[in-house]
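Peer 1: Any chance you could fold what I've pasted below:
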Amino acid sequence: MQFRQKALTKLQSPEELDLPVRFAKPRGVLVMSVTIVVAAAAAFWAVTGSVASKMDAPGILTHGQGSYVLQSPVAGQVTRVFAEEGGLLAAGAPLLKVHTPDGDILIRAVAAGRVTALAATIGTVVTVGTDVAAVERVAHAGDPLTATLYVPAGGASTVPVGAAVDLTVESVSQQRYGVLRGHVQAVGRTVQTTRQITAYLGDSQLAQAFARGGRPVAVQVRLDTSRRTKSGYAWSSSDGPPYALDSMTLAGGAVHLAAQRPLDWLLP
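Peer 2: From the prediction side, this is the model:
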């Protein structure tokens, strides 16, 4: 109580009235001003600014019509091969000749396409149901390529149609030629099983790789075209690679999601 009484007495003493008023030091004023400006700028950016985000997903370049695995309908030994990997086949065109106890049988293409894998060679013994080839459905060699990305199911709902996509192509040096440009054309409505991916790509190993983290959703990406590049597609560099792109080439995609305001993250 004595200390409190002395303090009150000192404050009420008229002798204190002649003491000069202490203002903030110039350095303190500067710090306070900067703090106010920064706080105001942060508040303005939180209301009017936006933050862009990306989603990465593995994918592959194809002609967009899928593939099929051609199986042998008979048991016997392959005596002739009519096609080679990369070659085009018309619907119903012969692929293999198999010698069986009942005579020679021709194994024909189910639909027009390009042979992406050929498992049978002359002398190969096949049984009923043996996979002999994988054929990508494509009518003409010049048909445009598309990219199929396999996005985790939990993030597929955030991918908007029309979103920009940057594709890193496995066979193209990113440091030298940049990334391939594209836009989301369609987003699948259901998750893809390993069997469904295999049926589309004609490759069970790729299907297992794409479904390794769980059942994904297929996102179709339309590649931006350009008349100035050798590949016929638009790249982040001016020219892109000096060669054409092949179907069934692996590519990683970075999907540009819709920009969000920082304030949306803070509000419930």
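
Peer 1: For the rest of this, base every contact and every neighbour count on C-alpha atoms.
Peer 2: Fine.

Peer 1: Model confidence at the nearest residue to Pro101 once chain neighbours are set aside, what's the number?
Peer 2: Leaving aside its chain neighbours, Pro101 sits nearest to Gly76 (7.6 Å; criterion: C-alpha to C-alpha, 6 or more residues apart in numbering). On pLDDT, Gly76 comes in at 95.

Peer 1: do the one 10 residues further on as well
Peer 2: Reading off the confidence values, Gly86 has pLDDT 84.

Peer 1: Could I get the contacting residues of it?
Peer 2: Residues counted as contacts of Gly86 (C-alpha atoms under 8 Å, 6 or more residues apart in numbering) are 114-116.

Peer 1: The residue nearest to Pro101: how many residues sit nearby?
Peer 2: When neighbours are counted by other C-alpha atoms under 10 Å, Gly76 registers 22.

Peer 1: low-scoring stretches of this structure, by residue?
Peer 2: Along the chain, the parts satisfying pLDDT under 70 run over 1-34, 37-52, 141, 258-268.

Peer 1: Tell me where it has helices.
Peer 2: With DSSP state H, the ranges of helices along the chain come out as 2-12, 26-48, 174-177, 194-201, 204-210, 262-266.

Peer 1: picking up where we left off before, now do the contacts for the residue nearest to Pro101.
Peer 2: 98-101, 125-127.

Peer 1: switch the cut-off to 7 Å
Peer 2: Gly76 makes contacts with 98-100, 125-127, as judged by C-alpha atoms under 7 Å, 6 or more residues apart in numbering.

Peer 1: Now neighbour count too, for those, in JSON lines please.
Peer 2: Shown next, in JSON lines, are those (neighbours: other C-alpha atoms under 10 Å):
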{"residue": "Val98", "neighbour count": "25"}
{"residue": "His99", "neighbour count": "20"}
{"residue": "Thr100", "neighbour count": "13"}
{"residue": "Val125", "neighbour count": "15"}
{"residue": "Val126", "neighbour count": "20"}
{"residue": "Thr127", "neighbour count": "14"}
